[in-house]
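A.B. asks: Mind folding the following:
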Amino acid sequence: MPHSIISDICEGVADCVVACPVACIKPSTLKNAKGNDYYWIDYDTCIDCGICLQVCPVQGAVVPEERPEEQKCP
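C.D. replies: Down below sits the predicted model:
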């Protein structure tokens with residue numbers, strides 16, 4: 001099962017983008033509730049490796065489950 005980035009918690013740090021081995025983390029063209037740029041995970045490409053969860057410095061921004069209702073994909 002793919003991971004999810006909780007859009008309203010993400011702070012746009014992008015450590016996950018660099019670390020992802022399959023380039024499934026995409027930038028949003030919108031801002032989140034905090035006014036930050038944020039990223040989202042393409043579920044069709046994600047291989048569920050968990051690297052994004054390991055490298056993200058923002059607590060709770062990445063979760064180890066598919067939560068499309070909390071991951072806003074523009």
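
A.B. asks: close enough to count as contact, residue 30 and residue 74?
C.D. replies: Yes - using Cβ atoms under 8 Å, residue 30 is in contact with residue 74, at 5.1 Å. Every C-beta, even on glycine, is put in place using the N, C-alpha and C of the backbone.

A.B. asks: For stretch 39-53, which outside residues touch it?
C.D. replies: The contact list for stretch 39-53 (Cβ atoms under 8 Å, 6 or more residues apart in numbering) reads 1-5, 7, 10, 12, 14, 16-17, 19-28, 62-64, 66, 68, 71-74.

A.B. asks: Quick one: end-to-end distance for that stretch.
C.D. replies: Distance between the boundary residues of stretch 39-53 (Cα to Cα, to the nearest Å) amounts to 13 Å.

A.B. asks: got a list of what residue 28 touches?
C.D. replies: Going by Cβ under 8 Å, 6+ apart, residue 28 touches 7, 37, 38, 39, 40, 72, 73, 74.

A.B. asks: Would it be right to say that residue 53 lies in a strand?
C.D. replies: No - with DSSP: H, G, I helix; E, B strand; the rest coil as the criterion, residue 53 is located in helix rather than a strand.

A.B. asks: what's the neighbour count on it?
C.D. replies: For residue 53, the number of neighbouring residues by other Cβ atoms under 10 Å comes to 15.

A.B. asks: And it, what's its pLDDT?
C.D. replies: What the model reports as pLDDT for residue 53 is 96.

A.B. asks: again, but for residue 60
C.D. replies: pLDDT, residue 60: 97.

A.B. asks: That one contacts residue 6, doesn't it?
C.D. replies: Yes - in terms of Cβ under 8 Å, residue 60 counts as a neighbour of residue 6; the distance is 6.4 Å.
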